[in-house]
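Chemist: take this sequence and fold it.
(one chain, ligands or ions: 1)
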Amino acid sequence: MTQPDVHSAPVCMTRRTFAIISHPDAGKTTLTEKLLLFGGAIREAGAVKGKKARRHATSDWMEIEKQRGISVTSTVLQFDYLGCRVNILDTPGHEDFSEDTYRTLAAADSAVMLIDAAKGVEPQTIKLFEVCRMRGIPIFTFINKLDRQGKDPLELLEEIERVLGIRSCPMNWPIGMGPDFQGIYHRHEGRFERFTSRTDDMVSIAMPDLDDPAVATILGESLHQRLQEDVLLLDVAGDPFDPDLVALGKLTPVYFGSAIANFGVESFLRSFLELAPPPGPRETDQGVVRPEDERFSGFVFKIQANMNPAHRDRVAFVRICSGRFERGMSVQHVRTGKRIALSQPQQFFGQERETVDEAYAGDIIGIFDPGNFRIGDTLCERGSFRFPPLPLFSPEHFARVSVPNALKYKQFHKGVAQLSEEGAIQVFRQANRTEDMILGAVGQLQFEVFQHRMRVEYGVDVELLRLPYAYARWVETELPIDELQFDRYASLVVKDQDDRAVMLFQTEFAINWMLERNAGLTLHTTSYGLS
Ligand code: G4P
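Modeler: Model prediction:
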């Protein structure tokens with residue numbers, strides 16, 4: 001297996017920056033923890049946990065605070081392994097914060113899709129997968145919990161292809177499952193890895209020829225026969241491994257294992273580091289930026305407030321896209337046209353925060369933010385190019401926000417502006433009622449966080465009046481919006497925070513009704529690619 005040559009390649013080529021996408025409970029925390037253990041970033045299992053509280057998150061504020069605590073430490077986890085610097089981008093597991101995950105994927109060069117073998121492809125996975133597809137990044141699949149009885153592996157592959165529309169290529173194949181789980185067969189290496197829950201007990205047996213009767217002695221007659229049949233079927237009818245299709249996100253390499261038993265995780269990690277891409281070129285409004293370019297550039301993909309509740313600080317997370325970052329360097333903040341010194345840059349090793357002296361394309365740095373940054377902002381050493389704006393996604397909940405105490409208007413506007421810059425909430429306005437704001441959230445919890453933070457951080461009590469809309473659609477049309485036909489009872493014309501035309505709808509029926517009556521109209525589920 002070839003690992004990157006760290007001595008001759010540019011440093012950025014050693015970076016592997018990825019996000020794990022999964023439905024809650026598939027085992028993301030467990031897998032992340034095992035990966036960190038390999039990288040030596042944590043010493044014992046359980047360090048990344050605190051999971052029970054998170055999973056059963058209610059609208060109780062304490063829970064939200066706890067969630068935030070977790071998301072802080074796990075925004076980016078970094079470790080070195082086999083000559084690579086691995087950056088795992090993580091996000092809170094709660095569904096309500098999925099928009100955060102969407103933005104994180106913009107900073108990733110690839111994704112690991114984690115699937116529970118018993119549950120198959122679940123709703124949250126589908127949503128996140130769609131975002132990966134939009135970005136065209138390679139997706140690697142880890143099918144987890146093989147130590148428990150799950151769906152038939154062939155059925156799981158079929159489900160991935162049918163539901164997600166991506167071809168799959170198993171890199172290893174499970175032998176038995178649940179109580180009969182014997183281990184995995186590494187197809188391209190002709191090697192059997194025997195299941196054991198003790199990593200120091202790892203047994204690897206060469207099996208170059210599956211027809212060799214010795215294999216039956218090791219696996220038993222029936223499992224041997226099943227393995228022969230399955231592998232033959234995969235060889236004849238399955239997709240061959242094709243790195244070009246993987247790079248385009250059209251074929252997903254699939255690995256089976258058990259995160260909790262730490263089984264199949266290390267072989268997955270090795271294979272992943274070999275096949276996953278280092279940082280690649282990125283489009284800007286003035287041409288392409290390459291990771292090996294000398295000059296530093298990057299963009300803000302996440303803003304985290306209250307990193308330290310005692311200080312009310314905000315940290316802007318910057319994905320470096322080119323060049324070398326050096327502590328204290330001054331950069332162009334393209335949106336405002338100002339030059340700023342990047343103060344107190346930090347990186348996150350496992351759970352530790354450390355001041356960072358240098359970083360390269362693919363790395364994530366956290367910059368102390370006194371209120372300068374917005375999600376999507378470009379920073380560059382020279383020039384004034386911009387990376388594409390991060391798309392907004394359709395919220396599913398809407399509410400009109402008002403402030404009963406007129407004396408608090410100033411703080412109210414400041415708070416709304418800052419929270420929308422952070423991406424904590426989306427703000428829409430109606431053309432004829434510009435003072436009125438409609439908030440959009442992916443989940444109900446986001447409204448509660450908004451209300452709480454307005455009260456605690458800006459001293460403003462806000463009232464929210466829930467609106468019956470459930471969909472936002474970004475409008476693309478040649479005609480002025482007032483000339484379009486739409487159902488005025490079931491939809492509303494608004495503008496988003498960047499002044500793009502958006503329509504809110506109560507039902508899918510109302511969306512289709514409008515599409516049918518207006519030729520040449522396109523309604524987008526995100527602001528992706530719209531200016
Ligand atoms: P998440 O971050 O994706 O939400 O999932 P998490 O890792 O917390 O795992 C969810 C549950 O699945 C946990 O069990 C965890 O122990 C279990 N799990 C993870 N990987 C495996 C695996 O490979 N095999 C089996 N059998 N279980 C696995 P829990 O009982 O809900 O929580 P806990 O008490 O273990 O924290």
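Chemist: quick one: low-confidence residue ranges for the stretch 401-531 of the chain.
Modeler: For the stretch 401-531 of the chain, the stretches flagged by pLDDT under 70 are 434, 531.
Chemist: so where do the helices sit in it?
Modeler: In the stretch 401-531 of the chain, the segments counted as helices under DSSP state H, counting those that start in this stretch are 409-421, 444-458, 508-517.
Chemist: can you tell which of these is closest to the ligand?
Modeler: Of all those, it is helix 444-458 that lies closest to the ligand, at 16.1 Å by CB to the nearest ligand atom. C-beta: built from backbone N, CA, C; applies to glycine.
Chemist: got the angle between that closest one and helix 409-421?
Modeler: 130 degrees (axes from the mean of the first three to the mean of the last three CA atoms, to 10 degrees).
Chemist: just checking the distance from helix 444-458 to the centre of its chain.
Modeler: The chain centroid and the centroid of helix 444-458 are separated by 24 Å under CA atoms, centre = their mean, to the nearest Å.
Chemist: what's that helix packed up against?
Modeler: Applying 3 or more CB pairs under 8 Å, 6 or more residues apart in numbering; DSSP states H and E, one finds that helix 444-458 contacts helix 61-73, strand 397-402, helix 409-421, strand 433-441.
Chemist: may I see the buried residues of it?
Modeler: For helix 444-458, the neighbour count (16 or more other CB atoms under 10 Å) marks 445, 446, 447, 448, 449, 450, 451, 453, 454, 457, 458 as buried.
Chemist: repeat for stretch 489-503
Modeler: 490, 491, 492, 493, 494, 495, 496, 497, 500, 501, 502, 503.
Chemist: how close does the nearest residue to residue 76 once chain neighbours are set aside get to residue 87?
Modeler: Distance criterion CB to CB, 6 or more residues apart in numbering; nearest residue to residue 76, sequence neighbours excluded, is residue 364 at 4.3 Å. Plainly put, residue 364 is 6 Å away from residue 87 if you go by CB to CB, to the nearest Å.
Chemist: same deal with residue 214?
Modeler: As judged by CB to CB, residue 214 and residue 87 stand 43 Å apart.
Chemist: next one: residue 183
Modeler: Residue 183 is 30 Å from residue 87, by CB to CB.
Chemist: before we move on, what about residue 334?
Modeler: Residue 334 sits 24 Å away from residue 87, going by CB to CB.
Chemist: more neighbours, the two?
Modeler: residue 87 (26 against 20; other CB atoms under 10 Å).
Chemist: so who does the closest residue to residue 79 other than its chain neighbours touch?
Modeler: Sequence neighbours aside, residue 39 is the residue nearest to residue 79 in space, at 2.6 Å (criterion: CB to CB, 6+ apart). By CB atoms under 8 Å, 6 or more residues apart in numbering, the residues touching residue 39 are 79, 80, 81, 86.
Chemist: the third one - how many residues pack around it?
Modeler: Number of residues near residue 81 (other CB under 10 Å) recorded here: 19.
Chemist: residues touching it, list them.
Modeler: Applying CB under 8 Å, 6+ apart to residue 81 gives the contacts 38, 39, 269, 273.
Chemist: let's see that with 10 Å instead.
Modeler: For residue 81, the contacting residues are 3, 16, 35, 36, 38, 39, 40, 41, 266, 269, 270, 273, by CB atoms under 10 Å, 6 or more residues apart in numbering.
Chemist: that older thread, redo the helices of the stretch 401-531 of the chain as JSON lines? Include distance to the ligand.
Modeler: Formatted as JSON lines, the helices of the stretch 401-531 of the chain follow (distance: least, CB to the nearest ligand atom, whole Å):
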{"stretch": "helix 409-421", "distance to the ligand": "26"}
{"stretch": "helix 444-458", "distance to the ligand": "16"}
{"stretch": "helix 508-517", "distance to the ligand": "29"}
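Chemist: export those as TSV, with columns for distance to residue 170.
Modeler: Below are these laid out as TSV (distance: least, CB to CB, whole Å):
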stretch	distance to residue 170
helix 409-421	44
helix 444-458	37
helix 508-517	36
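Chemist: figure out which of those helices is closest to residue 370.
Modeler: helix 409-421 (11.1 Å; CB to CB).
Chemist: mind giving me the packing neighbours of that closest one?
Modeler: When contacts are defined as 3 or more CB pairs under 10 Å, 6 or more residues apart in numbering; DSSP states H and E, helix 409-421 sits against strand 297-305, strand 314-322, strand 397-402, strand 426-430, strand 433-441, helix 444-458.
Chemist: distance to residue 130 added to the ones you listed, as JSON lines?
Modeler: JSON lines is the format used below for the helices and strands packed on helix 409-421 (distance: least, CB to CB, whole Å):
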{"stretch": "strand 297-305", "distance to residue 130": "18"}
{"stretch": "strand 314-322", "distance to residue 130": "21"}
{"stretch": "strand 397-402", "distance to residue 130": "20"}
{"stretch": "strand 426-430", "distance to residue 130": "18"}
{"stretch": "strand 433-441", "distance to residue 130": "19"}
{"stretch": "helix 444-458", "distance to residue 130": "20"}
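Chemist: out of these, which gets nearest to residue 133?
Modeler: Nearest of the helices and strands packed on helix 409-421 to residue 133, taken as CB to CB: strand 297-305 at 18.4 Å.
Chemist: elements contacting that closest one?
Modeler: In terms of contacts (3+ CB pairs under 10 Å, 6+ apart), strand 297-305 is packed against helix 61-73, helix 98-106, strand 282-284, strand 314-322, strand 330-333, strand 364-368, strand 378-380, helix 409-421.
Chemist: angle of it against helix 98-106?
Modeler: Here strand 297-305 runs at an angle of 160 degrees relative to helix 98-106 (the same axes, to 10 degrees).
Chemist: gap between strand 297-305 and the chain center?
Modeler: Centroid separation between strand 297-305 and its chain, computed with CA atoms, centre = their mean, is 14 Å.
Chemist: export only the CA atoms of it, formatted as PDB.
Modeler: Only the C-alpha atoms of strand 297-305 are listed here, as PDB (Å, rounded to 0.1, in the frame of the first residue of the first chain):
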ATOM      1  CA  SER A 297      -6.400  31.900   1.000                       C
ATOM      2  CA  GLY A 298      -9.400  30.400   2.800                       C
ATOM      3  CA  PHE A 299     -13.000  30.900   3.600                       C
ATOM      4  CA  VAL A 300     -15.100  31.000   6.800                       C
ATOM      5  CA  PHE A 301     -17.500  28.000   6.900                       C
ATOM      6  CA  LYS A 302     -18.600  28.200  10.500                       C
ATOM      7  CA  ILE A 303     -18.900  30.700  13.300                       C
ATOM      8  CA  GLN A 304     -19.200  29.400  16.800                       C
ATOM      9  CA  ALA A 305     -20.300  31.800  19.400                       C
END
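Chemist: per-residue confidence averaged over it?
Modeler: Mean pLDDT, strand 297-305: 90.
Chemist: domains in the protein, by residue range?
Modeler: Annotated domains of the chain cover 11-275, 282-380, 397-524 [the TED database].
Chemist: now for those, which one comes closest to residue 389?
Modeler: Set against residue 389 and scored by CB to CB, these come closest in domain 282-380, at 4.7 Å.
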